[in-house]
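Undergrad: test case, fold it:
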Amino acid sequence: MFNWLYARHTGGKFLLRIEDTDRARSTTEAIDAILDGMRWLGLDWDGHEYYQSQFWSRHAEVAHRLLERGAAYRCYMTQEELAEQREKAKAERKPFRINSPWRDRSEDQGDMPYVIRLRAPQEGETVIDDQVQGTVTVKNAELDDFILLRSDGTPTYMLAVVVDDHDMGVTHVIRGDDHLNNAFRQLAIIRAMGWPEPTYAHVPLIHGADGAKLSKRHGAMGVDAYRDELGLLPEAVSNYLLRLGWGHGDDEIISRDQAIEWFDLPQVGKSPSRFDFKKLENLNGHYIREADNARLVELVAPKIDGADPVLLERAMPELKARAHTLHELAEGAQFLFAKRPLNIEEGAAALLTTEARDILASAFQKLGALAEWDIASLEAAIREVAESQGVKLGKLAQPLRAALTGRTTSPGIFDVMALLGRDETLARIADQMEPNE
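TA: This is a model prediction of the structure:
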């Protein structure tokens, strides 16, 4: 999202590259989920999407060019030798860094398998002026001779991403701060090739409520789950994610156009933000209330058995006032299309006492005699019944709601009757005027 906003804010291009060097994880389903999620969030990309695997021959070409320049070398170390070095570092409680005996040797070993490693600088330091993290420095002695090309000729992610960024003209790399260490290694390749260095901006990761990196145990899900399982609108998710890591004064509700106009890297926070599902739901409630009624009907109708889109749209102004998610919206509309006799929830059934049923009988008579079935006439009739029975309006409205919806909560009782219509309203009241057998 930050890449997209920065590109749109500055008039640049936003490119989408599927980094599928890990063939086991890069399944068709996984890639489709990425593309679907991007489209749902409205993060369109310029041109077609790129696939890293299409450029493997180019990656190998760069690895061999580094080899020719003396910036890389063939390493014939066996797995046993690597394991021995790893165990030694572990025993000495030191960070494991490859110490290849082939770094300063150039003789060809014939058909022996080898990898191509970068001959990383060992002296001095590398400095990155990061647009979010500020100036970050690493001693080159801490960098290792990482693999560029595997023994089967396939490139590693570390090489492929650098080559692709260069070839695609990427000027700004905005990504999670878990990649900050990678930036120093990637710069070593860039400098060895004499290529322009990109501008880096490493954004803090999102954490869970406990302050740990957001993961599945916190409820982290794919983008499609926020849509399908949680019933959220894309504009709410976008707004919430934007405000997790970036701010514009005290503004909480930020439209897409405003985000494009206001977004810039200096306002991105350095500290990780904590994901709060409750805040996200509340924000989603705001966007539901602001959403076009016809659009909400399209999203909600498939979740309701026997839904009449015309009636649903008529009811939407009242329904959406109480909903935080599309699921809540669908649930709140169920009473409109429920079959008689209604399934009365436990709390609502408790309101249908003998006294309440007697009052409902009076309401039935009054409502049945109405010449006009509109909000004003319904309200006047119910208030008159309450007054004649010597009870407060709520004493009648609560059992009336239970009889008409089967629940203790609903839109305003007069709106409920207007939406249900005369025949359905009277039939539902009649069902509750006598105790069920």
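
Undergrad: return the distance of the helix or strand harbouring residue 185 from the chain's centre.
TA: Per DSSP states H and E: residue 185 is located in helix 180-193. For helix 180-193, the distance from its own C-alpha centre to the chain's C-alpha centre is 30 Å (C-alpha atoms, centre = their mean, to the nearest Å).

Undergrad: who does the helix or strand just after that helix pair up with?
TA: Using DSSP H and E, the helix or strand that follows helix 180-193 in sequence is strand 199-203. Sheet partners assigned to strand 199-203 using DSSP bridges are listed as strand 172-176 (parallel).

Undergrad: buried ones in the strand it pairs with?
TA: Buried positions in strand 172-176, judged by neighbour count with 16 or more other C-beta atoms under 10 Å: 172-175. Using the backbone N, CA and C atoms, a C-beta is placed for each residue, glycine as well.

Undergrad: what does stretch 227-237 give?
TA: Neighbour-count burial for stretch 227-237, counted by 16+ other C-beta under 10 Å, picks out 227, 230-237.

Undergrad: possible to save those residues as TSV with distance to residue 184?
TA: Formatted as TSV, the buried residues of stretch 227-237 follow (distance: C-beta to C-beta, whole Å):
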residue	distance to residue 184
227	38
230	38
231	43
232	38
233	40
234	36
235	38
236	37
237	33
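
Undergrad: mind putting these into JSON lines with secondary structure and pLDDT?
TA: Shown next, in JSON lines, are those (DSSP: H, G, I helix; E, B strand; the rest coil; pLDDT from 0 to 100):
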{"residue": "227", "secondary structure": "helix", "pLDDT": "94"}
{"residue": "230", "secondary structure": "coil", "pLDDT": "94"}
{"residue": "231", "secondary structure": "coil", "pLDDT": "96"}
{"residue": "232", "secondary structure": "coil", "pLDDT": "97"}
{"residue": "233", "secondary structure": "coil", "pLDDT": "98"}
{"residue": "234", "secondary structure": "helix", "pLDDT": "97"}
{"residue": "235", "secondary structure": "helix", "pLDDT": "97"}
{"residue": "236", "secondary structure": "helix", "pLDDT": "97"}
{"residue": "237", "secondary structure": "helix", "pLDDT": "96"}
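
Undergrad: could I get the phi/psi values of residue 134?
TA: Reported as degrees, to the nearest 10, the phi and psi values for residue 134 are phi 90, psi -160.

Undergrad: please name the bridge partners of it.
TA: The residues listed as beta-bridge partners of residue 134 by DSSP bridges are residue 130.

Undergrad: please give me every residue in contact with residue 34.
TA: When contacts are counted by C-beta atoms under 8 Å, 6 or more residues apart in numbering, residue 34 touches residue 18.

Undergrad: sorry, that was for residue 311
TA: Applying C-beta under 8 Å, 6+ apart, the residues contacting residue 311 are 336-337, 419.

Undergrad: please apply the same query to residue 407.
TA: Residues near residue 407 by C-beta under 8 Å, 6+ apart: 335, 345, 347-348, 401.

Undergrad: burial measure for the nearest residue to residue 301 once chain neighbours are set aside, as a count.
TA: Counting by C-beta to C-beta, 6 or more residues apart in numbering, the nearest residue to residue 301 once its immediate chain neighbours are dropped is residue 307, at 4.5 Å. For residue 307, the number of neighbouring residues by other C-beta atoms under 10 Å comes to 18.
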